[in-house]
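Visitor: just the structure for this:
(one chain, ligands or ions: 2)
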Amino acid sequence: MDSSLFSFNTSLSPKPSSLFRRPLRRNSSPPFTIACPSATSDSTASPVLDSSLPLGVQNPQFACVDIQDDSHRSRSVAGDGGRNFSAKYVPFGSGFDSSEWYSLDEIVYRSQSGGLLDVQHNMEALKEFDGAYWRNLFDSRVGKTTWPYGSGVWSKKEWVLPEIDSSDIVSAFEGNSNLFWAERFGKEFLGMNDLWVKHCGISHTGSFKDLGMTVLVSQVNRLRKMNRPVVGVGCASTGDTSAALSAYCAAAGIPSIVFLPADKISMAQLVQPIANGAFVLSMDTDFDGCMKLIREITAELPIYLANSLNSLRLEGQKTAAIEILQQFDWEVPDWVIIPGGNLGNIYAFYKGFQMCKELGLVDKIPRLVCAQAANANPLYLYYKSGWKEFSPLKASTTFASAIQIGDPVSIDRAVFALKNSGGIVEEATEEELMDATAQADSTGMFICPHTGVALTALIKLRNRGVIKGSDRTVVVSTAHGLKFTQSKIDYHSRAIQGMECRFANPPVEVKADFGAVMDVLKEHLSRKNPKMEL
Ligand SMILES: Cc1ncc(COP(=O)(O)O)c(C=O)c1O
Ligand SMILES: N[C@@H](CCOP(=O)(O)O)C(=O)O
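Guide: Ligands and ions are numbered 1, 2, ... in the order given. Below you'll find the model as predicted:
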C-alpha cells in the first residue's frame, strides 16, 4: 500500500468528558415541587395517583418528577405485594417450573449438567400489566436524563435487572442508538425503500457490547458492595467486549482483566482497554484459545466472567430489539439481520422480540437472519447441514475480525433463536463483505466490516427474492467503522491481494497548482455530471 495516500494529519483537541457523570438531578430535588409520595413515604398517600403506574405514565402532568423517586416508590409498592418483578438463572431451555435455579446474586455460569443458563423473569408479575402499559412506560422514559432511565437499557429496567438498586447501576447512558433509514443504499443497490440500519456501534465504546456490559458490571458492583469475593472482572475478546468491559469497570473502580489474541484485533480496539487501565494479556492464540483460558482461569480465581457465556450480558443486549420496535412505533419489521460470532447477540435479539410478543406489546416477531464471515462460519455450515451436525472449526483470518470465532459458546442459543423465528443463516466472503462495506460507506454510512457481512447477507437474500423490495428490513450494525479504519485504508488503496476493490475511492495526488487542480476537477466533475457543460 502507498501509505502516503493516507498521510493526512489530524489533531484532536481534548474535551472534558461528561460520560459516566451521573445527571445532576440524581441527588437533587425535582425542578419544581409537586405533591407526591417520597421514597420513604407511604405510597398510598397521594389521593390522585394509581400506585401501580409510574408518575409520568399515569398523568403527563407528573412527567417532570425525578424518575428515581418513582423507582423507589414502586419498590415500596412491590414490597406491599403490588409488584413482584424478579429474575433468576435457570438452565437454558428449561420451563418456568424448573427445579434447578439460581439467584442472580450467585456466581454461576453453567447449569449442573454443564449447559448454558438463561435469565428467567417472573413473567406472571410482568403480565399483570398489559402491553399498552409497557409501551407507554418505555416511551415515557426516552430522552430523559433521570438516573438510570435515560439509558436505553435501563429504561427497560423491570425487564432487565428488576431488583438492582439504581444506585448500584454503572451506566454511560448506552442504547437509544440511531435507527438510520438507509434510503440511498436501499433504493440504488437493492430496490428497497424500507431498509434501516440500527447503529448499535454509535455508543460509548463503539459497539453493542456496552448494552450488555452495563448490566454485567452493575451486577458486579452490587456483588462487591455485598462483600462477595469478586477481585476483578475478566473476558476473552476479539476487541469489543474488552473495550466495553474495561470502560465500565474503570468507571466503577473495579479491576478488569482482558485476554486478547495477539495481532488479531484492530489498533483502535487494542488501545481502548489499555487506556482504561485494564490488565491486558496479549496471547499467542486465537479468540477460541483465549476463551478456553478465561473459562479455566475464572473457575480457579474469583474473577467474574464477562463474556456472553454469562447470560446477564444478554439481558442488556436484548433491549436493542425492544428499542427497534419502539423506534417503529411498535410496528414489527419483517426481517432483522445480525452478524454472528460467539452467537450471544442473535439470541439476545430473539429474546427481546419474544418478550415484547409475550407481554402483548406486539403480536408477532421478525424473521431473524444471522450473517457469518465465510472464513469463520460454523453456524452457517450447521444450518446448511439441516441442523444435523455441528462441528467447531479453526476460524481463518477475516476483515470482520471481531467475529473470527470457530467455537461459539452460544451455539445452542443461536439455533433456538433461529428455529423459533423462521431464521436463516448466510455467509459473506472477504470480497463480498468489503465491497458491501464500501458501497454502504459511499451512501453516507461508515460501517464496520461485520456490518458489511450483514449487508452481504441482505444482498444475497434480496437477489434470491427471499427478501422482497417492500419488506421492512433492519440490518444491525454492531460496531463503529472508526474502529476498523485500516481495513478501509487497505481497500481504498487497492492494497488487498487478490481483491479487485471495485468500489475503491483513493485520494488523487495533484500538484499544488491552479491549472493542475482545475484539470483534475473538470475531469472528475464531468464524469459525475455527464449532461452538464463545465
Ligand atoms: C462488532 C461485532 N459484531 C458482531 C459480533 C458478534 O456478536 P456475537 O458474538 O454475539 O455473535 C461481535 C462479537 O462477537 C462484534 O464485536
Ligand atoms: N466479538 C466479541 C467476541 C466475544 O463475544 P462475547 O459476546 O461472548 O463477549 C468481542 O468483542 O470480544
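Visitor: how far away is Gly186 from Gln439?
Guide: Separation of Gly186 from Gln439 (Cβ to Cβ, to the nearest Å) stands at 11 Å. (Each C-beta comes from the backbone N, C-alpha and C, glycine too.)
Visitor: do Cys249 as well
Guide: 37 Å.
Visitor: between those two, who's got more neighbours?
Guide: Set Cys249 next to Gln439 and count neighbours by other Cβ atoms under 10 Å: Cys249 wins out with 29 against 19.
Visitor: helix/strand/coil for the more buried one?
Guide: helix (DSSP: H, G, I helix; E, B strand; the rest coil).
Visitor: residues in contact with the residue most central in space within the chain?
Guide: By Cα atoms, centre = their mean, the chain has its centre lying nearest to Phe208, at 2.4 Å. By Cβ atoms under 8 Å, 6 or more residues apart in numbering, Phe208 lies in contact with 200-201, 240, 317, 320, 345, 476, 478-479.
Visitor: now, those residues that are in helices?
Guide: The helices, defined by DSSP state H, take in 240, 317, 320, 345 from the contacts of Phe208.
Visitor: can you get me a residue count around the first one?
Guide: It stands for Asp240. So Asp240, with other Cβ under 10 Å, has 29 neighbours.
Visitor: setting aside sequence neighbours, what's the nearest residue to it?
Guide: Leaving out its chain neighbours, the residue that sits closest to Asp240 by Cβ to Cβ, 6 or more residues apart in numbering is Ser207, at 3.8 Å.
Visitor: ok so, going back, near ligand 1 too, which of the ones in helices among the contacts of Phe208?
Guide: Among the ones in helices among the contacts of Phe208, the ones lying near ligand 1 by Cβ under 6 Å from any ligand atom are 240, 345.
Visitor: out of the ones in helices among the contacts of Phe208, which is most surrounded?
Guide: Of all the ones in helices among the contacts of Phe208, Asn345 has the most neighbours under the rule other Cβ under 10 Å, reaching 31 neighbours.
Visitor: spit out the contact partners of the residue in the stretch 401-534 of the chain that ligand 2 sits nearest to.
Guide: Going by Cβ to the nearest ligand atom, ligand 2 is nearest to Ala402 of the stretch 401-534 of the chain, at 4.1 Å. By Cβ under 8 Å, 6+ apart, the contact set of Ala402 is 207, 238-240, 265, 269, 341, 448, 450, 478-479.
Visitor: show me the shaky parts of the stretch 51-200 of the chain.
Guide: The model of the stretch 51-200 of the chain has pLDDT under 70 over residues 51-82.
Visitor: with distance to Ser167 added, can I get the contacts of Phe208 in JSON lines?
Guide: Shown next, in JSON lines, are those (distance: Cβ to Cβ, whole Å):
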{"residue": "Cys200", "distance to Ser167": "27"}
{"residue": "Gly201", "distance to Ser167": "29"}
{"residue": "Asp240", "distance to Ser167": "28"}
{"residue": "Gln317", "distance to Ser167": "23"}
{"residue": "Ala320", "distance to Ser167": "25"}
{"residue": "Asn345", "distance to Ser167": "29"}
{"residue": "Val476", "distance to Ser167": "32"}
{"residue": "Thr478", "distance to Ser167": "31"}
{"residue": "Ala479", "distance to Ser167": "31"}
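Visitor: how about the residue nearest to Asp240, phi and psi?
Guide: Here is the backbone geometry of Ser207 (degrees, to the nearest 10): phi -160, psi 170.
Visitor: average pLDDT for whatever helix or strand Asp288 lives in?
Guide: Using DSSP states H and E, Asp288 falls within helix 287-300. Average pLDDT, helix 287-300: 98.
Visitor: Phe446 is in contact with Phe484, isn't it?
Guide: No - the pair Phe446 / Phe484 is not scored as a contact, 9.6 Å apart, by Cβ atoms under 8 Å.
Visitor: residue numbers of this structure in contact with ligand 1?
Guide: Going by Cβ under 6 Å from any ligand atom, the residues of the chain near ligand 1 are 207, 238, 240, 308, 339-345, 402-403, 448, 450, 478-479.
Visitor: could you redo the last one with a cut-off of 8 Å?
Guide: 201, 207-209, 238-241, 308, 317, 338-346, 348, 370, 400, 402-403, 405, 408, 410, 414, 448, 450-451, 478-479, 483 (Cβ under 8 Å from any ligand atom).
Visitor: checking the residue lying closest to Ser487 once chain neighbours are set aside next. Helix, strand or coil?
Guide: Counting by Cβ to Cβ, 6+ apart, Ser487 lies nearest to Phe399, which is 4.6 Å off, once chain neighbours are set aside. Classification of Phe399 using three-state DSSP returns coil.
Visitor: residues in contact with Phe399?
Guide: 373, 430, 433-434, 449, 452, 484, 487.
Visitor: same list (those) but as a markdown table, adding pLDDT, neighbour count and secondary structure.
Guide: As requested, these are arranged in a markdown table below (pLDDT from 0 to 100; neighbours: other Cβ atoms under 10 Å; DSSP: H, G, I helix; E, B strand; the rest coil):
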| residue | pLDDT | neighbour count | secondary structure |
| --- | --- | --- | --- |
| Ala373 | 99 | 32 | strand |
| Glu430 | 98 | 22 | helix |
| Leu433 | 99 | 29 | helix |
| Met434 | 98 | 27 | helix |
| Pro449 | 98 | 28 | helix |
| Gly452 | 99 | 31 | helix |
| Phe484 | 98 | 29 | helix |
| Ser487 | 98 | 23 | helix |
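Visitor: leaving out sequence neighbours, find the closest residue to Tyr382.
Guide: The shortest distance from Tyr382 to any non-neighbouring residue, by Cβ to Cβ, 6+ apart, is to Phe390 (4.5 Å).
Visitor: name the element that neighbour belongs to?
Guide: In the assignment (DSSP H and E), Phe390 maps to no helix and no strand.
Visitor: surely it meets Asn377?
Guide: No - using Cβ under 8 Å, Phe390 makes no contact with Asn377, being 11.9 Å away.
Visitor: neighbour-wise, which of the two wins?
Guide: Asn377 (24 against 16).
Visitor: which pLDDT value goes with the more buried one?
Guide: 98.
Visitor: please, where are all the strands along the protein?
Guide: Secondary structure of the chain (DSSP state E): strands at 87-91, 102-103, 117-121, 179-181, 195-199, 232-236, 256-261, 279-283, 303-305, 335-339, 367-373, 424-428, 473-477.
Visitor: kindly reformat those as TSV containing distance to Arg462.
Guide: Putting those into TSV (distance: least, Cβ to Cβ, whole Å) gives the following:
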stretch	distance to Arg462
strand 87-91	39
strand 102-103	44
strand 117-121	33
strand 179-181	17
strand 195-199	9
strand 232-236	35
strand 256-261	34
strand 279-283	40
strand 303-305	39
strand 335-339	10
strand 367-373	11
strand 424-428	11
strand 473-477	9
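Visitor: of all the ones you listed, which one is nearest Trp147?
Guide: Nearest to Trp147 among the strands of the chain is strand 87-91; the distance by Cβ to Cβ comes to 20.9 Å.
Visitor: residues in contact with the closest residue to ligand 1 within the stretch 51-200 of the chain?
Guide: With Cβ to the nearest ligand atom as the measure, Cys200 is the residue of the stretch 51-200 of the chain nearest to ligand 1, at 8.7 Å. If you count contacts by Cβ under 8 Å, 6+ apart, Cys200 has them with 177, 207-208, 211, 320, 476-479.
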